[in-house]
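J.: need coordinates for the following:
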Amino acid sequence: MERIEYRDVINKADWTRGPWDNEPDKIQWQDEATGLPCLIVRGPSGSLCGYVGVAPGHPWHGQDYDSCDVDVHGGLTFAHGCAEISREKWEKWRERQYARRDEAKKYPIGDAARDLKEWAKELEDYDAWVVRATSRYICHIASPGEPDPVWWLGFDCAHSGDLSPSYSGRYSFGDHEIYRPISYVERECQSSRGRSPL
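T.: Have a look, this model is predicted:
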């Protein structure tokens, strides 16, 4: 699988400055030790999330994350197949976004208002949505001969004690928060410290 980095996908203008300013918002690569596909995707809070994909036939394929004995940051918090990117999915997504307009008016600095503003172009342009969804969703671009779709098992770095960049300027959670950068999340996804990745 080709390593692909997606940059400047998320508008970080309202965030305090930090290492996230120069990081990609999504990365896909293949773990050299296992051959498993890996992803890092920046979540809504600005924190990074790590994912490893397992193909059909793997004992954890199709399993809930609570069924998998994996030692990663904060424990597993995600198990699902590849996000579907299709015209039908886009139309359903548009319906849900349009239904959030009242919420956005009521809470102009809330999640609904932010999402509607951030994804405004994609609400009207399917091709633009495909590009943006590919750069934000939990999915990958498999090389010929590689399994696709896979079952993604993932973790997030938005736990107590983790710094979430989109909140850091608006809320104070104390001085004990630590931002988990790309290098940290990549190590958690890959073979390290004598343990296998997912």
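J.: mean pLDDT per helix and strand in this structure: which one sits at the bottom?
T.: Counting by mean pLDDT, DSSP states H and E, the weakest-scoring helix or strand in the chain turns out to be helix 165-168, with a mean of 83.
J.: what's the first helix or strand after it?
T.: Heading C-terminal from helix 165-168, the first helix or strand you meet, by DSSP states H and E, is helix 182-189.
J.: packing partners for that following helix?
T.: In terms of contacts (3 or more Cβ pairs under 8 Å, 6 or more residues apart in numbering; DSSP states H and E), helix 182-189 is packed against strand 37-42, strand 48-54. (Glycine included, C-beta is placed from N, CA and C.)
J.: just checking, what packs against the shortest one?
T.: Judged by 3+ Cβ pairs under 8 Å, 6+ apart, the packing partners of strand 37-42 are strand 26-30, strand 48-54, helix 182-189.
J.: adjacent strands (with direction) for the second one?
T.: Paired neighbours of strand 48-54 in the sheet (DSSP bridges): strand 37-42 (antiparallel), strand 151-156 (antiparallel).
J.: buried set for that strand?
T.: For strand 48-54, burial by neighbour count (16 or more other Cβ atoms under 10 Å) applies to 48-54.
J.: can you check the longest one too?
T.: Judged by neighbour count (16+ other Cβ under 10 Å), helix 182-189 contains these buried residues: 182, 184-186, 188-189.
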